[in-house]
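Novice: Below are the sequence and a predicted model for it; my questions follow.
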Amino acid sequence: MFVRIVALATATIVAFALASPVPAAAKLKNIVLVHGAWADGSSWAKVIPLLQAQGYNVTAVQNPLTSLDDDVAATKRVLNLQDGPVLLVGHSWAGMVITQAGTDPKVVGLVYVDAFSPDVG
């Protein structure tokens, strides 16, 4: 079951990245993965190599899980380190985090993987 979830998450991320309306001059190459509650960055360990094999620069955020503000700040620190446009991906609780951090100008898209998502917007 877990392998199917990993495959589905990876396929969703790659499909979104390929369909992203990023101008050709600023080709999407960065994907930032944000883990949910009761997890850490290693929860993306099986997804990261699959995305890297597709040529993406992949970074997993290590959120402190102390508050929404702290998790958003940690995610924004990772976004600041990226060179170029970023696809921001969140699982579970991280849907809340990417909704807030996704206002960063580098972020060109948000992917919610079984995540909390806003009702509007």
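Specialist: Structure's in. What do you need?
Novice: ranges for the helices of this structure?
Specialist: With DSSP state H applied, the chain shows helices at 2-19, 47-53, 68-80, 94-101, listed in chain order.
Novice: From the chain's centroid, how far away is the second one?
Specialist: Centre-to-centre, helix 47-53 and its host chain are 13 Å apart (C-alpha atoms, centre = their mean, to the nearest Å).
Novice: By mean pLDDT, flag the weakest helix or strand of the chain.
Specialist: helix 2-19 (a mean of 57; mean pLDDT, DSSP states H and E).
Novice: so how far is Val61 from Lys76?
Specialist: Remark: distance between Lys76 and Val61 (C-beta to C-beta, to the nearest Å) = 10 Å. In this view, the C-beta of every residue, glycine as well, is placed from N, C-alpha and C.
Novice: wait, I meant Ser42
Specialist: Applying C-beta to C-beta, the value for Ser42 to Val61 is 12 Å.
Novice: cool, Arg77 as well?
Specialist: Counting by C-beta to C-beta, the gap from Arg77 to Val61 is 8 Å.
Novice: between the two, which one's more packed in?
Specialist: Ranked by neighbour count (other C-beta atoms under 10 Å), Arg77 and Val61 place Val61 first, with 25 against 11.
Novice: Enumerate the beta-bridge partners assigned to that one.
Specialist: Counting by DSSP bridges, Val61 is bridged to Val34.
Novice: Now for it: which residues touch it?
Specialist: By C-beta atoms under 8 Å, 6 or more residues apart in numbering, Val61 lies in contact with 32-35, 41, 74-75, 78.
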